[in-house]
Structure formats: structure tokens, C-alpha cells
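*Asks:* Give the three-dimensional model of this entry:
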Amino acid sequence: MRIIVGLGFVQHGCSKFFGIPPFPMPLTPLFMVAGVLELGGGALILLGLFTRPVAFVLSGMSAVAYFMVHFPQSFFPAANGGEAAMLYCFVFLYLAAAGPGPISLDARRSA
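*Replies:* The predicted structure follows:
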């Protein structure tokens with residue numbers, strides 16, 4: 001799960017910075033910060049490096065994204081397009097609590 005979630009988040013960052021796939025919104029400073037966190041944080045999650053603190057930060061970023069971008073449109077995630085942000089938030093919160101698992105660079109550092 002950690003690897004797939006990391007790949008998904010890296011894809012969000014690539015979309016913002018490299019246009020693969022195209023990002024439909026203009027890059028404001030807030031979106032650029034989100035892109036850096038998505039690209040860098042997603043790569044660290046993918047590798048399982050500094051997983052707990054990075055996952056905690058990304059969980060907060062996903063919550064902020066949900067409440068700033070999606071929640072004002074509707075209360076319901078299925079109606080406001082915020083399902084992915086909501087799911088990322090709780091998956092990252094889980095990873096912050098549970099850790100990266102045995103197949104990670106964090107596991108190799110502590111062994």
C-alpha cells in the first residue's frame with residue numbers, strides 16, 4: 001500500500017511541475033508548495049525513508065487540500081471531488097502511526 005500511495009502522490013507532483021498528465025489549474029505559490037510536498041514526499045514514502053514524519057506532514061497537507069479546495073463546494077466528498085484527498089489524508093495518518101513496514105529503507109536503517 002505504501003508503494004502505490006507513494007507512486008500516486010509522485011504522479012500528482014509530476015502533474016503540477018511537468019504537466020504529465022496536464023494539471024488544469026494555474027500554479028499559484030500554494031499549489032507549488034503542494035507540488036513540492038507531493039513530489040518529494042511521495043518519493044520518500046515510495047522508498048520508505050523517513051516514513052513516519054513525512055506521512056504525518058502529508059496527512060496534514062491532504063487535510064488542508066480537502067478543506068481549502070473541496071469542502072467549500074459541498075459537504076459530501078463524493079459530490080465535491082475530494083475523495084482522493086480524504087483517502088490520502090487517512091492513509092498517510094495510518095502510515096505515520098504504523099510505520100513503513102519491512103520492505104523499506106527505514107527498516108534497513110534500523111536493522
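
*Asks:* where exactly do the helices run in this protein?
*Replies:* With helices called from DSSP state H, the chain shows them at 2-18, 29-36, 42-47, 51-65, 77-80, 83-98, 105-110.

*Asks:* May I see these organised as a markdown table, with mean pLDDT added?
*Replies:* Output for those, formatted as a markdown table (pLDDT from 0 to 100):
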| stretch | mean pLDDT |
| --- | --- |
| helix 2-18 | 94 |
| helix 29-36 | 92 |
| helix 42-47 | 97 |
| helix 51-65 | 97 |
| helix 77-80 | 94 |
| helix 83-98 | 97 |
| helix 105-110 | 81 |
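
*Asks:* what's the closest of the ones you listed to Phe71?
*Replies:* helix 77-80 (6.5 Å; CB to CB). Yep, even glycine has a C-beta here, placed from its N, CA and C like the rest.

*Asks:* Ignoring the adjacent residues along the chain, who's closest to Ile20?
*Replies:* Counting by CB to CB, 6 or more residues apart in numbering, Cys14 is the residue found nearest to Ile20 once chain neighbours are left out, at 5.3 Å.

*Asks:* Mind putting the helices of the chain into JSON lines with mean neighbour count and distance to Phe71?
*Replies:* JSON lines is the format used below for the helices of the chain (neighbours: other CB atoms under 10 Å; distance: least, CB to CB, whole Å):
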{"stretch": "helix 2-18", "mean neighbour count": "18", "distance to Phe71": "18"}
{"stretch": "helix 29-36", "mean neighbour count": "14", "distance to Phe71": "16"}
{"stretch": "helix 42-47", "mean neighbour count": "21", "distance to Phe71": "23"}
{"stretch": "helix 51-65", "mean neighbour count": "20", "distance to Phe71": "10"}
{"stretch": "helix 77-80", "mean neighbour count": "13", "distance to Phe71": "7"}
{"stretch": "helix 83-98", "mean neighbour count": "18", "distance to Phe71": "9"}
{"stretch": "helix 105-110", "mean neighbour count": "12", "distance to Phe71": "33"}
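
*Asks:* picking up where we left off before, any idea how far the residue nearest to Ile20 lies from Arg108?
*Replies:* Using CB to CB, to the nearest Å, Cys14 is found at 26 Å from Arg108.
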